[in-house]
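Student: got a predicted structure plus its sequence, pasted below:
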Amino acid sequence: MEKKNGLSTRSVVAVGIGTAVFIILFKFLAIPTGIANTQINVAQAWLSLIAAILDRSLVDWLLLLVML
């Protein structure tokens with residue numbers, strides 16, 4: 001069998017789930033600080049953890065989808 005070029009269904013689903021988790025963390029989960037209009041977002045830490053665990057190319061796709 002020939003190997004197909006492009007993204008597999010599994011990769012697309014993984015990117016979709018990762019994007020959903022990232023957006024939920026970015027919008028709804030933030031740690032308030034004592035300084036006015038300042039908060040610490042947990043989404044960047046989540047993205048760093050995923051980048052360390054998974055392949056960097058998956059994280060690049062996630063960033064591309066979030067930036068759209």
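Tutor: Great, that's in hand.
Student: tell me how far the host helix or strand of A51 lies from the chain's centre.
Tutor: Using DSSP states H and E, A51 maps to helix 43-53. Centre-to-centre, helix 43-53 and its host chain are 7 Å apart (C-alpha atoms, centre = their mean, to the nearest Å).
Student: in terms of secondary structure, what does it contact?
Tutor: Helices and strands touching helix 43-53, by 3 or more C-beta pairs under 8 Å, 6 or more residues apart in numbering; DSSP states H and E, are helix 9-28, helix 56-67. Heads up, the C-betas are built off the backbone N, CA and C, glycines and all.
Student: which residues of the protein score low on pLDDT?
Tutor: For the chain, residues meeting the criterion pLDDT under 70 lie at 1-5, 54-59, 61-62, 64-68.
Student: tally up the residues packed near W46, please.
Tutor: Neighbours of W46 under the rule other C-beta atoms under 10 Å: 17.
Student: now swap in I53 and tell me
Tutor: Count around I53 with other C-beta under 10 Å applied: 9.
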